[in-house]
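A.B. asks: Dropping the sequence and predicted coords here.
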Amino acid sequence: MGIAFESTDLNEIHEFIRVCYKSMRFKSRSQDQHKVQIIQNLLGPIRLDRFDCGFELDYVANPKGSVGLVGLESGTFPRVETEGVQDSHGPGEVFLVAQPDRPYAGRCCHARFSYTVLEPALLSQVAATAPGRTDTPVRLTSYRPVSPGAGQYLARTITYLRDHVLANLTLRDTSLIASTAPQLLAATVLATFPNTALLDPTIEDRHDAHPATLRRAMAFIDDHAHHEISLADIAAAAHVTIRTLQYAFRRHRGTTPMGYLRQVRLHHAHQELLAADPTTGTTVTQIAARWGFFHPSRFAYYYRRAYGHPPSRTLLRHTP
């Protein structure tokens with residue numbers, strides 16, 4: 001876990017909020033104990049914080065240049081206001097609380113919640129934006145998810161990244177995790193909230209999605225699978241838009257660029273498992289993490305599907 005703060009002193013709480021969340025101010029509405037616990041987790045362009053606020057407060061905040069999401073576990077947000085739009089939220093809901101360029105305000109009542117922050121550039125990098133709009137940040141256009149189920153899936157993704165990936169120092173310090181975890185979060189956010197990203201291929205995309213594009217992209221992935229690479233990196237190497245890249249892989253390979261990258265990394269992990277000596281303490285989890293697989297059970301699923309048996313059998317095949 002990251003920085004942990006806990007206090008019942010209102011002045012201390014004010015000071016911590018002032019220093020760590022510079023654009024935010026709050027005023028207590030409670031006469032009872034002012035207990036707050038905050039856990040902070042920062043990973044590149046994302047942060048996954050968790051608040052436990054044991055009193056009622058009003059808050060106001062200036063634009064901070066980032067997207068802010070709240071996942072409410074208990075308590076209520078009886079008033080949330082951004083761009084003149086007012087709403088209220090209860091336990092189990094996930095909602096957009098902060099646009100990058102708009103002030104926001106509201107009320108929080110005895111709430112335990114996740115507070116997730118993303119840089120707009122990350123959303124743009126993951127999304128397939130239209131030609132001529134590559135420098136324009138993708139914008140979420142609704143404060144509520146497209147469906148309750150989508151919101152619940154996002155909440156589970158945030159919890160998993162925060163409590164299992166970032167809490168595991170072995171995974172957290174792996175360079176591929178530092179790139180794939182933010183991309184996973186951004187992709188899930190784009191699938192959860194209505195947004196301005198144009199995801200369907202245009203006529204130009206279809207024209208450019210020829211086999212030569214695919215060969216350039218695959219060669220780049222093959223040569224750089226051990227590095228942190230994104231969809232934008234692959235598209236730039238192939239000299240096409242992200243949507244063109246996605247369409248080329250779907251049309252000619254029946255997969256996605258990141259799906260092909262996963263196949264390549266899975267192959268390298270397989271080769272390492274074949275060469276590893278388990279008596280030296282090498283584990284499947286360590287090898288999987290080196291190749292960007294930070295979810296052990298998911299790695300095992302992909303591995304079994306590709307090779308017909310669990311990765312542990314490959315590692316332990318020569319063990320007496």
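C.D. replies: Perfect, thanks for sending it.
A.B. asks: Which of the helices or strands spans residue 137?
C.D. replies: Assessed by DSSP states H and E, residue 137 sits outside every helix and strand.
A.B. asks: Now do the contacts for it.
C.D. replies: By Cβ atoms under 8 Å, 6 or more residues apart in numbering, the contact set of residue 137 is 100, 120, 121, 123, 124. Every C-beta, even on glycine, is put in place using the N, C-alpha and C of the backbone.
A.B. asks: three-state assignment of the third one?
C.D. replies: For residue 121, the secondary-structure state derived from DSSP: H, G, I helix; E, B strand; the rest coil is helix.
A.B. asks: got a pLDDT number for the spatially closest residue to it that is not a sequence neighbour?
C.D. replies: Counting by Cβ to Cβ, 6 or more residues apart in numbering, the nearest residue to residue 121 once its immediate chain neighbours are dropped is residue 137, at 6.5 Å. Confidence at residue 137, expressed as pLDDT, is 70.
A.B. asks: Tell me the spacing between residue 137 and residue 187.
C.D. replies: Using Cβ to Cβ, to the nearest Å, residue 137 is found at 16 Å from residue 187.
A.B. asks: Now rank the contacts of residue 137 by neighbours and give me the top one.
C.D. replies: The most crowded member of the contacts of residue 137, judged by other Cβ atoms under 10 Å, is residue 123 (26 neighbours).
A.B. asks: for the closest residue to that residue other than its chain neighbours, what are its contacts?
C.D. replies: Beyond its immediate neighbours in the sequence, the residue positioned closest to residue 123 (Cβ to Cβ, 6+ apart) is residue 138, lying 4.3 Å away. By Cβ under 8 Å, 6+ apart, residue 138 lies in contact with 120, 123, 124, 127, 129, 190, 195, 196, 197.
A.B. asks: what ranges do the strands span in the chain?
C.D. replies: Assigned by DSSP state E, the strands in the chain fall at 4-7, 24-28, 36-39, 42-43, 46-53, 56-61, 67-82, 85-89, 94-98, 104-118.
A.B. asks: and residue 303, how far is that from residue 272?
C.D. replies: With distances defined as Cβ to Cβ, the gap from residue 303 to residue 272 amounts to 12 Å.
A.B. asks: So if I had to pick from these two, which one is more boxed in?
C.D. replies: Counted by other Cβ under 10 Å, residue 303 and residue 272 do not tie: residue 303 has more neighbours, with 23 against 18.
A.B. asks: still on that earlier bit, got the phi/psi numbers for the residue nearest to residue 123?
C.D. replies: Comment: the main-chain dihedrals of residue 138 come out as phi -70, psi 140, following degrees, to the nearest 10.
A.B. asks: what residues are up against the residue nearest to residue 7 when sequence neighbours are not counted?
C.D. replies: Using Cβ to Cβ, 6+ apart and skipping residues adjacent in sequence, the residue nearest residue 7 is residue 13, 5.4 Å away. For residue 13, the contacting residues are 7, 34, 36, by Cβ under 8 Å, 6+ apart.
A.B. asks: Distance-wise, check the residue nearest to residue 123 relative to residue 307.
C.D. replies: Distance, residue 138 to residue 307, by Cβ to Cβ: 37 Å.
A.B. asks: Ok, residue 274 next?
C.D. replies: With the distance defined as Cβ to Cβ, residue 274 ends up 10 Å from residue 307.
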